[in-house]
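Student: Quick one, what's the 3D model for this:
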Amino acid sequence: MSISMALYVKDPQVDDLVVHLMTLLGTTKTDAVRQALQNEIAGQVDLVEQTVDFVRTLHRRAGPNPKPADMAFIDSLYERD
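Tutor: Have a look, this model is predicted:
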């Protein structure tokens with residue numbers, strides 16, 4: 001369920017940032033905010049996808065019968081050659 005409300009931001013710094021982005025994009029304030037929000041959301045989704053891919057890769061590399069990380073293994077991570 002989504003409740004639609006107008007967004008009013010009474011922060012001079014935010015307004016300056018929106019005006020700056022609006023000028024860079026050659027668009028309106030509304031479109032500048034829309035694009036910035038869409039880009040931020042897309043970036044977050046990308047991070048989730050990267051994390052899922054990373055975990056899948058770890059599972060593949062561990063194989064079907066992964067060994068638990070015992071103290072000897074953890075200590076070996078800190079050893080220098």
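Student: When you work out contacts or count neighbours from here on, use the C-alpha atoms and nothing else.
Tutor: Noted.
Student: any idea which helix or strand carries the residue nearest in space to the middle of the chain?
Tutor: For the chain, the residue nearest the mean C-alpha position is Q44 (2.9 Å; CA atoms, centre = their mean). Q44 belongs to helix 29-62 when assigned by DSSP states H and E.
Student: Buried residues, that helix. List them.
Tutor: Buried residues in helix 29-62, counted by 16 or more other CA atoms under 10 Å: K29, A32, V33.
Student: I'd like the average pLDDT over it.
Tutor: The average pLDDT within helix 29-62 is 90.
Student: And it, what does it pack against?
Tutor: When contacts are defined as 3 or more CA pairs under 8 Å, 6 or more residues apart in numbering; DSSP states H and E, helix 29-62 packs onto helix 12-25.
Student: tell me the mean pLDDT for the helix it packs on?
Tutor: Mean per-residue pLDDT for helix 12-25: 95.
Student: Can I get that helix in CSV? Just the C-alpha atoms.
Tutor: Coordinates of the C-alpha atoms in helix 12-25 are reproduced here as CSV (Å, rounded to 0.1, in the frame of the first residue of the first chain):
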residue,chain,number,x,y,z
PRO,A,12,18.8,25.3,2.0
GLN,A,13,21.7,22.9,1.4
VAL,A,14,19.4,20.3,-0.2
ASP,A,15,17.9,23.1,-2.4
ASP,A,16,21.4,24.2,-3.5
LEU,A,17,22.3,20.6,-4.3
VAL,A,18,19.1,20.1,-6.3
VAL,A,19,19.6,23.4,-8.2
HIS,A,20,23.2,22.3,-9.0
LEU,A,21,22.1,18.9,-10.2
MET,A,22,19.2,20.5,-12.2
THR,A,23,21.7,22.8,-13.9
LEU,A,24,24.1,19.9,-14.7
LEU,A,25,21.3,17.8,-16.1
